[in-house]
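Undergrad: I'll drop the sequence and a predicted model, then ask my questions.
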Amino acid sequence: MRTGHWVEFLAERPRQGRRKQGQLRRRGTEPTTWGVGGGMGTEEDEKMGLLFGLLWLFTSFLQGVHSQGVYASPTVRIVHAGQACNVEEEQYSERVYIIREGETLELQCLVTGHPRPQGETKILKLKNLRLQDYADYTCIASVKNACGIRDRSTHFSLNNRTAPPSVKILLDDPVVANPGETITLVCKVMGGHPFPTLRWLRVEGEELPKRTIVKDGTLTVPVISDDDGGTYTCVASNNVGNPAKKSITILVRGLRKGRFWITPDPYHNEDNIQIGREVKISCQVEATPSDELQFSWLKNGRPLKSSERMVITHTDPNISPGTTNLDIIDLKFTDFGTYTCVASLRNGGIPEISIDVNISSTTVPPELKVPKGLSQLVVLEGDTVDLQCLVSGKPKPIIMWSRVEESGQAAAVTPLMPDGSAQVESYDGILRIYNVTRKMSGAYRCQTSQYNGFNVKPREALIHLVVQFTPTVEPVYMEVRQALGRAFSLTCNLLQAYPAHHLQYEWKLGSRLLTVGQFSDQRHDTSYHVKALNREGYGEYTCDITNEAGAGRCTFRLTGKAYSPEFYHDTYNALWQNRPQVYGFKLQWTQMEPNAVDRIMAYRLSIRQMAQTRWWEQEIPIGGTIQKGQLLTYNLTELIKPESYLVRLTPITRYGEGDASERIITYSAPVNPHLREFHCGFEEEALCSFTQDKSDEFDWTRHSGTTEGTTYTPYTGPSSDHTGSNQGFYMFIKTSRPRLEGDKARLMSPTFNINSKSVSSSASNNPTYCFTFYYHMFGKHIGALNIFLRLKGQMLTDTLVWSLTGNQGNHWRQARVNIHPTTTFQVVIEGVRSSGIEGEIAIDDVSIEEGECKDSPSNNLRSFASPPSCYGLLLWISQSLVLFGWQR
């Protein structure tokens, strides 16, 4: 699991006063640090406009996978939050940011990654911008090498030359080229500091052609083709303002998609060509560039010019696709023949397109029909099927296939064809569908197209496709655990089937037939009942539900195996001391669903050292019936220090062995195991095994008077540790931004055990210990310092034993409080932030000693300790465990 924190700014404007380190942590996000390099000053003290940064992106992906999901390195970018204005240049609107001397500049460090980080955006705010703020700024994101992910950072340099990028493309727009030519686009940087980086993109995220060569802002496309045409954009970035963008379009000359249609007598509702009526022939071609498209007409191979009876017209050349029309007025027999539409580009270099259209007495409109007996097709799911429509007419038109809704059904969206398109063209009238699925059932329409044929009302026909499929059932597989002598039922549910009538079911145990039957129209499941289970009843039960397409099967594996035990990892005092060379472990577990099968008579315990292959085994007998949730315990002894062990636990019933569970026991040496007192001055980075609470809002920070590189909040916090040494360390809470009122930081002591065998007999029930510490609470915004006693029994309980609020002066003071633990315990030190930044609270020299405090607590604090007892116990610090468990 990824954990982290925010680290407070390490870069602020220089000012008078001592610096000291501060850390503010936000759980669930990467540690993020702002750093600053040396500033670059200038002798001029005049106002200036600075165009500052919008985006810096640094992204990396980690290839290793440690669990489900891929862990990705943090992605960091700097975003400037300033006032915006619009700048128009060469028909391109660019949004830039203006920063002037004396104004406020904000840098936002946005951190992302996987697992997804939580928390807020980190902001570095520079107020009253001045010349000395010229510097190199760095934002660092860290996950403390979790999952092997290294730290990531992003940088920005602010100086008196900082300016956004500007670029220019050294070619006129658009660029027109013939197929096969080589095109070179040159993008030149016109300004910007730092010097911008250049890259080329295509619109809508399309990839650059594979043959493309990009070098120093120059893009070369060799042997250009139709697919390479389109808009290309040069992008210049230098982390100042918006990236500069300039676009240019490449037009690849060509002619495509030639089509024609015949309109019999456009002014009358006629489908046939008739002598004495008008006939209109239309020809359409897509051309690039469209303004170069030109048409000409031939009749029987001879050029044809526009006349009173032969009227030739063209659409606007700037409209694509281009269309030309030939209107034959008062059709005569002499007008019969072959008319040819020729499309070409004005400047040549591209092959022309010719379309022949025959006008004669045999030119007739299309007719469409479905072959007899093929208007409804029944197929099995997974088959291949051909849908066929027969078309006649001259010229023979293209057939368009589409799907339509069944009558009586309403759909928000028209169903798509099997290939995902709305329509499919067919030149032979056949639609072939491979690997038919149940979703492809329905009505399919074949329809004559209105191009490459007669421009008349489309002819159409419908074909109904029925897809039969085997019954869908649940459960497909289920393991059932049952004790001998008990009654049980198995149920197989029918979810879907076609055809859904005359369904039959068949129950078997192995190969032995149990029962058969037929579904009624109202039933959607079938069950098999056993009144009393015997040993022969264990095995694999199957239920087959069958229709004309096949069978769907439910499978039940009936067994008397016990479920696996579940190890109890969070027990208090789990690892206990025995002799100097060996140790013992209290193994605890609960049994999953103990009443599902026969009574568990024993557990087989298997154990081996991790570095060896030999197993030791023994049985742990169980008397009586185990209840659900009951905690079972077994003490492992004679474990050799510091070896780790693999433990396997297998339940045994009269059926036999059940499912086993495994876990690893790892020995970890205890902290100061033989002392009757504990003392910590926070002089080592390990903090005497104190830990930060992961559920609070921020953390305590270790600090000394000589720590460098930290920020300083005046009029609050100590200047040295409680002995007056600048070299000594102490812990404190930093309350400057982004901390909020009520935010808490908790520091938790190591876990301490109480050993009743080490003390003399006494009438009292509870031992007494004296918890002593030094505190420093100076500042007008001091919040609260709270001390809790955390008991780690079956449940964690926190009891407030001491609390103090408000300004206590610029002095270290000592506090003592009696605590009375009844079991393994910790001491939790909580600092609470108040309403302002002058609220730093510090602690130092913490100790816990056996027995009551020698001096009573001071009058300036509130103590919540319970009355002292005279029953003293030897104090032990618990041995920490590294436990790994899994179920097999």
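TA: Nice, I can see it. Here the structure is a predicted model, which is why all the values come from computation and not from measurement. Numbering: from 1, shown residues only.

Undergrad: quick one, strands of the stretch 101-250 of the chain?
TA: 105-114, 122-126, 135-141, 152-158, 163-169, 175-177, 183-193, 197-202, 213-215, 218-221, 230-237, 244-252 (DSSP state E, counting those that start in this stretch).

Undergrad: with mean neighbour count added, can I get those in CSV?
TA: C-betas here are computed from N, CA, C, even on glycine. Listed next are the strands of the stretch 101-250 of the chain as CSV, based on neighbours: other CB atoms under 10 Å:
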stretch, mean neighbour count
strand 105-114, 20
strand 122-126, 18
strand 135-141, 22
strand 152-158, 20
strand 163-169, 20
strand 175-177, 18
strand 183-193, 18
strand 197-202, 17
strand 213-215, 12
strand 218-221, 19
strand 230-237, 20
strand 244-252, 18
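
Undergrad: so which of the ones you listed gets nearest residue 838?
TA: strand 122-126 (18.8 Å; CB to CB).

Undergrad: please tell me how far residue 594 sits from residue 650.
TA: 14 Å (CB to CB, to the nearest Å).

Undergrad: give me the mean pLDDT for the longest strand belonging to the chain.
TA: Looking across the chain with DSSP state E, the single longest strand is strand 460-474. For strand 460-474, the mean pLDDT works out to 94.

Undergrad: packing partners of that strand?
TA: Applying 3 or more CB pairs under 8 Å, 6 or more residues apart in numbering; DSSP states H and E, we find strand 460-474 packed against strand 364-369, strand 376-380, strand 385-388, strand 442-448, strand 488-498, strand 539-547, strand 550-559.

Undergrad: who does it pair up with?
TA: Strand 460-474 sits in its sheet next to strand 376-380 (parallel), strand 442-448 (antiparallel), strand 488-498 (antiparallel), going by DSSP bridges.

Undergrad: out of those, deepest packed?
TA: strand 442-448 (a mean of 20; mean count of other CB atoms under 10 Å).

Undergrad: residues contacting that strand, please?
TA: Contacts with strand 442-448, where a contact means CB atoms under 8 Å, 6 or more residues apart in numbering, come from 366, 368, 370, 387, 389, 391, 393, 397-406, 415, 426, 429, 431, 458-465.

Undergrad: and the helix or strand that that strand is followed by, how far out from the chain's middle?
TA: Downstream of strand 442-448, the first helix or strand assigned by DSSP states H and E is strand 453-454. Relative to the chain's own centre, strand 453-454 is displaced by 54 Å; criterion: CA atoms, centre = their mean, to the nearest Å.

Undergrad: and strand 453-454, what does it pack against?
TA: Judged by 3+ CB pairs under 8 Å, 6+ apart, strand 453-454 is in contact with strand 254-264, strand 364-369.

Undergrad: in the last one, what counts as buried?
TA: Meaning strand 364-369. 364-366, 368 (16 or more other CB atoms under 10 Å).

Undergrad: residue 230: which of the residues you listed is nearest?
TA: Distances from residue 230 to the buried residues of strand 364-369, taken as CB to CB, are shortest for residue 366 (37.6 Å).

Undergrad: got the contact list for the residue lying closest to that closest one once chain neighbours are set aside?
TA: Excluding the flanking residues, the one nearest residue 366 by CB to CB, 6 or more residues apart in numbering is residue 393, at 3.3 Å. For residue 393, the contacting residues are 364-367, 448, 453-454, by CB under 8 Å, 6+ apart.

Undergrad: what are the phi and psi angles of residue 393?
TA: phi 120, psi 160 (degrees, to the nearest 10).

Undergrad: what distance do you get for it to residue 664?
TA: From residue 393 across to residue 664, the span is 81 Å (CB to CB).

Undergrad: cool, residue 484 as well?
TA: Separation of residue 484 from residue 664 (CB to CB): 35 Å.

Undergrad: same check on residue 196?
TA: To residue 664, residue 196 is 56 Å away according to CB to CB.

Undergrad: swap in residue 415?
TA: Distance of residue 415 to residue 664, given as CB to CB: 56 Å.

Undergrad: same thing with residue 215?
TA: According to CB to CB, residue 215 and residue 664 sit 56 Å apart.

Undergrad: the closest residue to residue 238 other than its chain neighbours: neighbour count?
TA: Nearest non-adjacent residue to residue 238, counting by CB to CB, 6+ apart: residue 196, 4.2 Å away. Residue 196: 24 surrounding residues under other CB atoms under 10 Å.

Undergrad: is it correct that residue 196 is in contact with residue 237?
TA: Yes: using CB atoms under 8 Å, residue 196 is in contact with residue 237, at 5.9 Å.

Undergrad: shared neighbours, those two?
TA: Here residue 196 and residue 237 have 165, 244 as joint contacts, going by CB under 8 Å, 6+ apart.

Undergrad: thinking residue 174 is in contact with residue 251, fair?
TA: Yes: if you go by CB under 8 Å, residue 174 and residue 251 touch, sitting 5.1 Å apart.

Undergrad: endpoint to endpoint, stretch 426-445 covers what distance?
TA: Start-to-end span of stretch 426-445 (CA to CA, to the nearest Å) is 12 Å.

Undergrad: buried stuff in it?
TA: For stretch 426-445, a neighbour-count test (16+ other CB under 10 Å) marks 426, 429, 431, 433, 436, 440-445 as buried.

Undergrad: reformat the strands of the stretch 101-250 of the chain as a markdown table; add distance to residue 317 and mean pLDDT.
TA: As requested, the strands of the stretch 101-250 of the chain are exported to a markdown table (distance: least, CB to CB, whole Å; pLDDT from 0 to 100):
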| stretch | distance to residue 317 | mean pLDDT |
| --- | --- | --- |
| strand 105-114 | 50 | 66 |
| strand 122-126 | 57 | 70 |
| strand 135-141 | 56 | 76 |
| strand 152-158 | 52 | 72 |
| strand 163-169 | 27 | 89 |
| strand 175-177 | 15 | 92 |
| strand 183-193 | 24 | 91 |
| strand 197-202 | 27 | 92 |
| strand 213-215 | 35 | 91 |
| strand 218-221 | 27 | 94 |
| strand 230-237 | 21 | 93 |
| strand 244-252 | 14 | 92 |
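
Undergrad: closest to residue 831 out of those strands?
TA: strand 122-126 (21.8 Å).

Undergrad: tell me the angle of the closest one relative to strand 135-141?
TA: Inter-element angle recorded for strand 122-126 and strand 135-141: 170 degrees (by axes from the mean of the first three to the mean of the last three CA atoms, to 10 degrees).

Undergrad: list the helices and strands strand 122-126 packs on?
TA: Taking 3+ CB pairs under 8 Å, 6+ apart as contact, the helices and strands that strand 122-126 lies on are strand 32-36, strand 105-114, strand 135-141.

Undergrad: measure residue 402 to residue 257 for me?
TA: From residue 402 over to residue 257 the distance is 20 Å, taken as CB to CB.

Undergrad: neighbour count winner among those two?
TA: Comparing residue 402 with residue 257 by neighbour count (other CB under 10 Å), the higher total belongs to residue 402, at 19 against 11.

Undergrad: so which bits of the helix or strand encompassing the more buried one are buried?
TA: Under the criterion of DSSP H and E, residue 402 resides in strand 399-404. Neighbour counts using 16+ other CB under 10 Å place 399-403 of strand 399-404 among the buried residues.

Undergrad: for stretch 744-752, same thing?
TA: Buried residues in stretch 744-752, counted by 16+ other CB under 10 Å: 744-752.

Undergrad: just those: which are in helices?
TA: Among the buried residues of stretch 744-752, no member is found in helices (DSSP state H).

Undergrad: quick revisit: same list (the helices and strands packed on strand 453-454) but as TSV, adding mean pLDDT.
TA: Shown next, in TSV, are the helices and strands packed on strand 453-454 (pLDDT from 0 to 100):
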stretch	mean pLDDT
strand 254-264	89
strand 364-369	90
